[in-house]
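Engineer: fold the following.
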Amino acid sequence: MSEELTPDICVIGGGPGGVAAALAAVSEGVPVVLVEKARMGGANLAYGAVPTQALIAAAAVNESLRRGPAFGVTGAPLQVNLNKVRDHVSAVVAAIARNVSAERLTALGVTVVNAAARFTDPNTIVAGDVTIRARRFVLAVGSVPAPPPFPGLDAVETMTADSLFDLGRKPSHLVVLGATRAGFELAQAHSRLGIDATIIDSATPLAEDDPELAAIVVDRVRAEGVRVRAPVGINSIGRRRGGIRLLVADEEGTETAIDGSHLFVAVGRAPDIGGLDLDLAGISHDAGGIVVDRWLRTTNRRVYAVGDAIAGPARAARAEHEAGAVVRSILFRIPFPYRPAAVPLVTSTDPALATVGLAETEARRRYGEVRVLRFPFVENDLAQAERMPEGVVKVVASRNGRVLGVAIVGHDAGELIALWSLAIANRLPIAAMQSFATPYPARADLARRVAATFPGPGLTLPWRRRIIDLLKKLG
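Structural biologist: All right, here's what the predicted structure looks like:
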């Protein structure tokens with residue numbers, strides 16, 4: 001028997017953005033239906049950031065033990081049991097899955113429908129035997145792998161994030177196709193767990209990040225033994241006995257064969273909008289995803305879209321941030337513009353690379369003259385105590401001191417960037433970053449130290465200089 005539901009808000013997609021939207025709405029006492037066709041938590045939980053971070057954590061533990069002698073700590077020879085590493089990853093996924101389970105959401109007041117959704121008209125969706133007519137809809141459908149058309153790629157067995165954590169045998173040589181953030185994270189993690197790794201791409205490594213800071217990550221990953229072949233021409237990809245073979249060419253056209261046991265594809269994703277029948281709802285879409293305005297409304301003003309469903313970086317933090325802005329717009333009838341510049345992006349390598357706001361080149365294009373501040377980790381006492389002095393904080397500010405963008409490379413960069421995200425979201429001046437105190441020692445003190453360099457030697461603002469000179473004369 002079919003059922004009809006008429007909530008205020010219907011959310012399609014149970015990933016980070018969808019769950020965030022549903023919880024934000026239900027916390028305001030609003031009737032909410034969440035529709036998920038597969039597993040709650042979405043790709044982020046099943047094979048995205050959650051299992052990846054668990055794997056990186058295991059690799060980091062092994063690396064810290066390997067570095068023990070530098071601290072005067074030694075022990076038995078280290079051993080990595082990949083089966084137990086996979087058990088660790090599975091346990092982490094299971095623990096986090098409980099936080100976003102249908103049972104928990106139902107207990108909090110969300111009506112969960114486990115079925116594929118499709119629009120039948122601008123105001124209605126059908127999910128299984130349930131018809132839902134909602135006042136507003138939020139599309140948080142996520143994305144699916146969509147590898148680029150490298151020659152021969154479709155003829156070989158590959159791994160994506162979907163299958164990486166279900167390997168039947170240990171890779172002897174993992175080839176990562178894609179010098180992306182995910183590519184570097186997984187290549188370094190596997191290398192630290194004793195697996196030979198090579199990164200290959202036709203594009204520049206970490207092309208989306210600040211080149212100055214990205215180079216520090218690339219150099220470190222190479223120093224740990226990961227081979228980075230990028231940019232190179234990828235002439236062909238084919239099968240060989242026991243694995244795969246890639247033929248790549250350098251700038252001079254010299255061709256080299258690279259053999260691997262497993263090929264992981266870390267580049268290319270597309271919005272998962274197939275089967276939604278968006279045209280029946282009057283929702284425009286293109287190759288980049290669902291078309292939205294600055295308020296994240298689609299061409300059907302009853303429908304909003306967030307996260308990987310629209311153009312932009314595929315990150316859980318972005319989806320959650322957009323979900324919060326959308327729910328506020330729906331509930332209070334006031335368009336709350338979300339600020340994509342305030343959403344940090346983190347590459348969880350070691351050292352980590354985190355960015356928020358505008359990159360230096362974009363800041364110069366928009367604002368003309370800007371100030372670029374740098375402060376090295378080597379001058380931070382905690383970084384020295386933990387023997388992790390590799391890194392730098394780079395801040396881009398306007399002439400009048402407004403923080404425009406920040407990039408950090410170094411240990412705990414992903415934690416350090418949060419303070420700067422707050423500054424950018426609230427349009428704070430660089431002076432605000434000088435006004436807080438941290439415990440000693442703390443890496444967070446890097447923010448205060450770099451902010452303090454804004455005036456610069458001999459660059460004190462004239463009015464401040466006049467006050468100082470006047471007070472000197474008064475004794």
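Engineer: and stretch 466-474, how far from the chain's centre?
Structural biologist: Between the centre of stretch 466-474 and the centre of its chain there are 50 Å (CA atoms, centre = their mean, to the nearest Å).
Engineer: can you dump the C-alpha coordinates of that stretch into PDB?
Structural biologist: Once non-C-alpha atoms are left out, stretch 466-474 reads as follows in PDB (Å, rounded to 0.1, in the frame of the first residue of the first chain):
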ATOM      1  CA  ARG A 466      52.400  59.700  15.600                       C
ATOM      2  CA  ILE A 467      50.700  58.400  18.800                       C
ATOM      3  CA  ILE A 468      53.800  56.600  19.900                       C
ATOM      4  CA  ASP A 469      56.000  59.800  19.300                       C
ATOM      5  CA  LEU A 470      53.500  61.900  21.200                       C
ATOM      6  CA  LEU A 471      53.400  59.600  24.200                       C
ATOM      7  CA  LYS A 472      57.200  59.600  24.200                       C
ATOM      8  CA  LYS A 473      57.300  63.300  24.400                       C
ATOM      9  CA  LEU A 474      54.900  63.200  27.400                       C
END
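Engineer: what comes up buried for it?
Structural biologist: Going by neighbour count (16 or more other CB atoms under 10 Å), nothing in stretch 466-474 comes out as buried. Just so you know, the C-beta spots here come from the backbone N, C-alpha and C atoms, and that holds for glycine as well.
Engineer: same question for stretch 387-407.
Structural biologist: The neighbour-count check on stretch 387-407 (16+ other CB under 10 Å) flags 388-398, 401-407 as buried.
Engineer: endpoint to endpoint, it covers what distance?
Structural biologist: Distances were taken as CA to CA, to the nearest Å; on that basis the terminal residues of stretch 387-407 are 21 Å apart.
Engineer: just give me how far that stretch sits from the chain centre.
Structural biologist: 19 Å.
Engineer: what residues go with each domain of the chain?
Structural biologist: Under the assignment automatic domain parsing, the domains of the chain span 3-40+101-145+270-341, 153-267, 351-451.
Engineer: chain center to the second one: distance?
Structural biologist: What that stands for is domain 153-267. 19 Å.
Engineer: and the end-to-end length of that domain?
Structural biologist: 12 Å.
Engineer: now swap in the shortest one and tell me
Structural biologist: The separation between the terminal residues of domain 351-451, taken as CA to CA, is 22 Å.
Engineer: what of the longest one?
Structural biologist: Start and end residues of domain 3-40+101-145+270-341 are separated by 42 Å (CA to CA).
Engineer: ok, now stretch 348-367?
Structural biologist: 30 Å.
Engineer: next, the buried residues of that stretch.
Structural biologist: 348-360, 363.
Engineer: looking at the buried residues of stretch 387-407, which are in helices?
Structural biologist: With helices taken from DSSP state H, there is no overlap with the buried residues of stretch 387-407.
Engineer: now for D8, how many residues are close by?
Structural biologist: Summarising burial for D8: neighbours were counted as other CB atoms under 10 Å, giving 16.
Engineer: these two touch, right, it and G29?
Structural biologist: No. Using CB atoms under 8 Å, D8 and G29 do not qualify as a contacting pair, with a distance of 9.7 Å.
Engineer: who's in contact with the residue nearest to the spatial centre of the chain?
Structural biologist: In the chain, the centroid-proximal residue (CA atoms, centre = their mean) is R315; its distance is 4.0 Å. Counting by CB atoms under 8 Å, 6 or more residues apart in numbering, R315 touches 343, 345.
Engineer: so it versus K84, what's the distance?
Structural biologist: From R315 across to K84, the span is 29 Å (CB to CB, to the nearest Å).
Engineer: where do the helices sit along the stretch 101-250 of the chain?
Structural biologist: Secondary structure of the stretch 101-250 of the chain (DSSP state H, counting those that start in this stretch): helices at 102-107, 181-192, 211-223.
Engineer: with respect to Q53, which of the domains of the chain lies nearest?
Structural biologist: For Q53, the closest of the domains of the chain is domain 153-267, at 8.8 Å, according to CB to CB.
Engineer: separation between A314 and P31?
Structural biologist: The gap separating A314 from P31 is 30 Å, by CB to CB.
Engineer: oh, that last question was meant for A97, not what I typed.
Structural biologist: Note on A97: its distance to P31, by CB to CB, is 25 Å.
Engineer: kindly report the same for R443.
Structural biologist: For R443, the distance to P31 - CB to CB - is 44 Å.
Engineer: between the two, tell me which one has more neighbours.
Structural biologist: Higher neighbour count among R443 and P31: R443, with 23 against 17, using other CB under 10 Å.
Engineer: my read is that the more buried one contacts G414, right?
Structural biologist: No. Judged on CB under 8 Å, R443 makes no contact with G414 at a distance of 11.4 Å.
Engineer: so, low pLDDT: which residues of the chain?
Structural biologist: For the chain, the stretches flagged by pLDDT under 70 are 1, 161-162, 167-168, 336-338, 456-465, 475.
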